[in-house]
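> Fold the following, please.
(chains A, B, C and D)
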Protein chains: 4
Amino acid sequence: MDVAIVGGSGYGGVELIRFLYHHPHVDQIKVVSHSKANERFSDIYPHMKDHVDLTMESMSVEAISQYVDVVFFATPANVSSKWMPELIKSGVKCIDLSGDFRLKDQEVYEEWYGYDAADAETLKEAVYGLTEENREAVKQAQLIANPGCYPTATLLGLMPAVHHKLIDLNSIIIDGKTGASGAGRSLSQNVHYSEMNENTKAYKLGAHKHIPEIEQWLSKTASEEVTVQFTPHIVPMTRGIMTTIYGNLSTDYSQQKMNDLYQDYYKNDPFVKVYTNNHYPQTKEVYGSNYCAIAVHVDERTNKLTVISVIDNLVKGASGQAIQNFNIMHGFDEKTGLELLPIFP
Amino acid sequence: MDVAIVGGSGYGGVELIRFLYHHPHVDQIKVVSHSKANERFSDIYPHMKDHVDLTMESMSVEAISQYVDVVFFATPANVSSKWMPELIKSGVKCIDLSGDFRLKDQEVYEEWYGYDAADAETLKEAVYGLTEENREAVKQAQLIANPGCYPTATLLGLMPAVHHKLIDLNSIIIDGKTGASGAGRSLSQNVHYSEMNENTKAYKLGAHKHIPEIEQWLSKTASEEVTVQFTPHIVPMTRGIMTTIYGNLSTDYSQQKMNDLYQDYYKNDPFVKVYTNNHYPQTKEVYGSNYCAIAVHVDERTNKLTVISVIDNLVKGASGQAIQNFNIMHGFDEKTGLELLPIFP
Amino acid sequence: MDVAIVGGSGYGGVELIRFLYHHPHVDQIKVVSHSKANERFSDIYPHMKDHVDLTMESMSVEAISQYVDVVFFATPANVSSKWMPELIKSGVKCIDLSGDFRLKDQEVYEEWYGYDAADAETLKEAVYGLTEENREAVKQAQLIANPGCYPTATLLGLMPAVHHKLIDLNSIIIDGKTGASGAGRSLSQNVHYSEMNENTKAYKLGAHKHIPEIEQWLSKTASEEVTVQFTPHIVPMTRGIMTTIYGNLSTDYSQQKMNDLYQDYYKNDPFVKVYTNNHYPQTKEVYGSNYCAIAVHVDERTNKLTVISVIDNLVKGASGQAIQNFNIMHGFDEKTGLELLPIFP
Amino acid sequence: MDVAIVGGSGYGGVELIRFLYHHPHVDQIKVVSHSKANERFSDIYPHMKDHVDLTMESMSVEAISQYVDVVFFATPANVSSKWMPELIKSGVKCIDLSGDFRLKDQEVYEEWYGYDAADAETLKEAVYGLTEENREAVKQAQLIANPGCYPTATLLGLMPAVHHKLIDLNSIIIDGKTGASGAGRSLSQNVHYSEMNENTKAYKLGAHKHIPEIEQWLSKTASEEVTVQFTPHIVPMTRGIMTTIYGNLSTDYSQQKMNDLYQDYYKNDPFVKVYTNNHYPQTKEVYGSNYCAIAVHVDERTNKLTVISVIDNLVKGASGQAIQNFNIMHGFDEKTGLELLPIFP
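Numbering: from 1, shown residues only, chains lettered A, B, ... in the order given. Okay, the predicted model is just below:
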């Protein structure tokens, strides 16, 4: 099976390659990069020398649809929406790591992203690729809208409680902490080493693009309109996201019962680990791997639920989940090529 | 004026010395250390060579009360409570950076700290040293219970809204992020470099000793019982605390009005900075200094208030605030010796 | 094939397991730990939950030699030397990641390590496992003395120049920079987060145990006594070693010729990459992988050679090279189980 | 006394202000910035809110020479050389933190910097501001060429040995390690957080601009042509430089004698600390301060001298030394405004 990665010169791209390089069902990998066309991949990522020594190409729907079976988009917002209609028509399967096809409501997209939304027809094709929640739809999909990093950690952390209506849906507060790699390879003052090292910052309070994505899935799940408070923070590390999620318990529920519920909920999901032994998962414990690790805390003094959920933002929060969806779309075991253990320490 | 620092071999101690060394009204500094008595201070802190070349002493109430005017305790819990009755009787002024005199209710102390509480009489003397809120009492005090790091950031972040009853008091959620230095100089797996670097962890969910301290002051301020949800996190940096504080707005209040309220509230407090220009303060922006920096976010979609409050945990969260109180107790300008600007970057 | 890891609760142990877990020729893994016997491995390494849920055992030569084919020692100095004679007699193969069998001269060991040397007979069996230089001997070995982290980076960086007598052997200066993980999981002030973060330190000047190891192999290679100057430094990162190696050129040799020589020297070594395009390898470029990356600089102004050599200290500098040797000892392709690409960024 | 800082929007500028703000002899501070003219200083450095709320100005020699007594240049190469002739004629004193006036030989400047050299006449005025070595000349100077960060650490580390001819001058090897702040506030891939964190890199081997600066002063001191090998490295921290300096001892000299020599050499220099108790100074031990800390190691096995020298690159390596020179130029105690202790941890 041959694949192309559009936007392959960014961190999402190089991380896709780390996994696809050893994937038993992947043969050829093409890398498309607008800004780096005709450059050698190993010149911009010297650690890939001797492994991936290809020349990056510029985008051509014709070439891609002719030569590859699957296209991954690891592009900024407002790129994949341009190419997708034609690609979808060509019959090639597409997995979009950007946000262009995640929001079903075009107006909401335009309000939060500030770009024109994808065209309505193509948008209808898009299946939200939160694998654990949407496996059946992913199987049939031609176009996957791969979830954002914060929504992946948040929604996996919330789903058991939400499905069982254990929390007041409008009390949900999400406090996110991310490393720098989520900001990508493009330079910015925000992730300039001297100003990010030894520093913790909050950003985009109440204004982060992942808010409508979280709300859309929560609303769909709960069959009612849900609004959340979300504050992202950047902490001095490269990889990893933790979301600390708070909600008012809508019913009496013991720590033990909550643990059992969560453990049971994910018992068939190979990439979700639930800790019930008073251990709260740490971002380093999933470093470089496709796992999401979760623990819940029921506070009897306050009658609130706190959920700790961690992922590697570049793996389960981006490229790893994309490959998990790729596996499911093609009938492979979803773990194929993704079983690397976390690197610790 | 001569001072002694008990527990001076820890980070709180060395940080007190950094400021007291240049303090215009401080002459002699004695350092008392149980575990390091008779060692030279500059052997355990080589950067103090040529500056502070004294030998540490073991504790003697007699010697201390005879030779010094003020005693700072920078000790772990359950130390100062042992020495304080006798010291107080001797007439010496005491500033306790530990938690032993912060909680007025002995039972609450014993429940959260797991030690015997300080004796009731001495406890009555203790004045909670959150300077900006308690300046008048500090002026008269002989014994200061210097606040914890998280409570300092949290309470300064909340006071304007609480005093004006703008939030539902039982909706308060505090998400704290601290660097490693708060854990002190004692070795532990938790702050072992290889396991803290490139890692974010949550700890002591619903169980941190600073919870009753925050609740006590909030309850006193609001004249009603207040319960808070508090989740501390450790992020990979040495210094700095950010608390991200959430509350349900109990009334309609615009961003502009909230900004004005906060700015006005702190207009006479030299160490509190309120940002109202869409800038959210970062921990690095107070690094090494005694400032607390605050910004508020009013979210009209969710009707919630979010407050970002940052301090240097070792300065405004410990030694700096102790010296601020020391200044006030002695009638000095509260800024004396504390005006160092933050180090950036 | 069944294996045991003695000292499996340290970083060397958990890193062996990361690779052995997926190794196609490894079935059972036993973990022996003196200090953690009867504890569950996933309790001390929560990220291994659901993967490695075994109970650690105490050491028994009888049990080990009966049930396993190969024993890895990931122990501190002065442990493997005690158990080895009996194990070797039992016929089991042993790979020792500690320094106990690296130095052929017992007196030198005792001088630099401060312990009794291993017994002479067992010592004679030991083959120095610097794979690229000693592949033939490794093939036949029953006991491998797996090289230290600094010697691996240093010797691979030096061998082409030394074999071709291009530098004055007594001019060699090695400036090493390591992350914290080399110091292991045991707590120490040196790798206490607050004192290692944002800090660079030199240590053990002229006194590091790896000096005689480097000198022994250089002397053997050059057939003359070689003395080196070596200064290790600890820099604020978890993984990675860079050695910057200096030597006086003993002959005129252009940059181009030196590049060609190095590239040619390692052309059949799958884990050594030589950069000749003015790119100097960075420690992050081998993160988590078994690669050693090298570049050379010929300075015409000074007539000196500078070599930059980087490895992941826990992989090529310890566990990865151990598995590389394990593969060769058993006739497997040396890359088996080790082909993971570096994690970047 | 009124001063102007040209290039004040960079790290050198904000660090000058941190010290000048409290300097007892400095009244007004003007900030000149080409790229940020008319912006408020506290908008680009929010931590300066309430302290330095001035508007940055564009450059005007006329305005500056009329209103200020001293001009600091904290500009990139090839800026100060343009303005200096006119400024010098106007009689104002100038302290240039850039490299434009450090090299006396115009050809050497042009070769290493790649720009046109400063004009010969103005160049003649320039006094190299390595304070400890050049105090008398600094006193009389109108124009100071403030030394580079690496040269400051290196030369202070070498001077005692060089003055006493204890090492072979052409054997000198300098291995430098710096934090990111030396690269300034301008964005570059090199100091992009995700690619600098958890990474050690060597750069500009044999090609760094500080090489001729080091050689010039060594040659002048030794009255013979000296050539050095210098390899700079960037390690994952914000502040701090360590240079590890190697040289062949040209004579028998014990550790004790070397310690005594170094200690004696710097006995009247308030900002140089020599450690002789087997403690090797660490970069964190001078963090935020103007100290240079040094220790020497005499290796009897190899007959080599190793010197460890650390500074804060932004203080003694830039702004602090500039103010030290400013003090001397004006007859103030050289410690004025610079006595802040290092921040630790």
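> Going by C-alpha atoms from here, please, whenever you check contacts or count neighbours.
Will do.
> what does the stretch 101-250 of chain A have sitting close to chain D?
Within the stretch 101-250 of chain A, the residues that sit near chain D (C-alpha under 8 Å from any C-alpha of the partner chain) are A:180-181, A:185, A:187-189, A:191-194, A:196-197, A:237-238.
> which residues in the stretch 51-200 of chain A form strands?
A:70-73, A:93-96, A:126-128, A:143-145, A:173-178 (DSSP state E, counting those that start in this stretch).
> So for chain C, which of the ones you listed sits nearest?
Of all those, it is strand A:173-178 that lies closest to chain C, at 14.3 Å by C-alpha to the nearest C-alpha.
> How about residues contacting that closest one?
Strand A:173-178 is contacted from outside by A:150, A:154, A:228-235, A:237, A:239-247, A:313, B:175, using C-alpha atoms under 8 Å, 6 or more residues apart in numbering or on different chains.
> That one: partners in the sheet, and parallel or antiparallel?
Here strand A:173-178 has these sheet partners by DSSP bridges: strand A:229-234 (parallel), strand A:241-248 (antiparallel).
> got the ones you listed as a markdown table, with mean neighbour count columns?
Converted to a markdown table, the strands paired with strand A:173-178 look like this (neighbours: other C-alpha atoms under 10 Å in any protein chain shown):
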| stretch | mean neighbour count |
| --- | --- |
| strand A:229-234 | 23 |
| strand A:241-248 | 26 |
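> Next, format the ones you listed as JSON lines and append mean pLDDT.
Shown next, in JSON lines, are the strands paired with strand A:173-178 (pLDDT from 0 to 100):
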{"stretch": "strand A:229-234", "mean pLDDT": "98"}
{"stretch": "strand A:241-248", "mean pLDDT": "98"}
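> domain parsing for chain A?
Structural domains assigned to chain A are A:3-147+A:316-329, A:150-315, following automatic domain parsing.
> CA atoms only: put stretch A:165-182 into PDB for me.
Written as PDB, here are the backbone C-alpha positions of stretch A:165-182 (Å, rounded to 0.1, in the frame of the first residue of the first chain):
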ATOM      1  CA  LYS A 165     -24.900  10.900  32.700                       C
ATOM      2  CA  LEU A 166     -22.900  11.100  35.900                       C
ATOM      3  CA  ILE A 167     -22.000  14.700  35.700                       C
ATOM      4  CA  ASP A 168     -23.800  18.000  35.100                       C
ATOM      5  CA  LEU A 169     -22.900  18.700  31.500                       C
ATOM      6  CA  ASN A 170     -22.700  22.400  31.800                       C
ATOM      7  CA  SER A 171     -20.300  22.300  34.700                       C
ATOM      8  CA  ILE A 172     -17.500  20.900  32.700                       C
ATOM      9  CA  ILE A 173     -14.200  22.700  33.000                       C
ATOM     10  CA  ILE A 174     -11.100  21.600  31.200                       C
ATOM     11  CA  ASP A 175      -7.700  22.700  32.200                       C
ATOM     12  CA  GLY A 176      -5.200  21.600  29.500                       C
ATOM     13  CA  LYS A 177      -1.400  21.500  29.700                       C
ATOM     14  CA  THR A 178       0.600  20.900  26.500                       C
ATOM     15  CA  GLY A 179       4.200  20.800  25.400                       C
ATOM     16  CA  ALA A 180       5.700  22.900  22.600                       C
ATOM     17  CA  SER A 181       5.500  20.500  19.800                       C
ATOM     18  CA  GLY A 182       1.800  21.100  19.400                       C
END
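> Report the rounded mean pLDDT for that stretch.
Taken as a whole, stretch A:165-182 carries a mean pLDDT of 97.
> and that stretch, which residues are buried?
Residues A:166-169, A:171-182 are the ones in stretch A:165-182 that count as buried (16 or more other C-alpha atoms under 10 Å in any protein chain shown).
> With stretch A:317-332 instead?
A:317-329.
> which two in those are spaced the farthest apart?
Using C-alpha to C-alpha, the two most remote members of the buried residues of stretch A:317-332 are A:317 and A:329, lying 18.3 Å apart.
> Please list the outside residues in contact with stretch A:67-76.
Residues from elsewhere that reach stretch A:67-76 (C-alpha under 8 Å, 6+ apart): A:1-8, A:10, A:12-13, A:64, A:80, A:92-98.
> which residues does whichever residue of the stretch 1-150 of chain A sits closest to chain D contact?
In the stretch 1-150 of chain A, no residue comes nearer to chain D than residue A:11, which is 9.8 Å away by C-alpha to the nearest C-alpha. By C-alpha under 8 Å, 6+ apart, the residues touching residue A:11 are A:181, A:184-185, A:314, C:344-345.
> Just among these, which is most surrounded?
Within those, most neighbours by other C-alpha atoms under 10 Å in any protein chain shown means residue A:314, with 31 neighbours.
> Name the nearest residue to it, sequence neighbours excluded.
residue A:12 (6.5 Å; C-alpha to C-alpha, 6 or more residues apart in numbering or on different chains).
> which secondary structure element contains that neighbour?
Following DSSP states H and E, one finds residue A:12 within helix A:11-20.
> So what's the gap between that helix and the chain middle?
On the basis of C-alpha atoms, centre = their mean, to the nearest Å, helix A:11-20 sits 13 Å off its chain's mean C-alpha point.
> And stretch A:233-249, by the same measure?
Distance of stretch A:233-249 from the chain centroid (C-alpha atoms, centre = their mean) equals 14 Å.
> what about that stretch, how long is it end to end?
25 Å (C-alpha to C-alpha, to the nearest Å).
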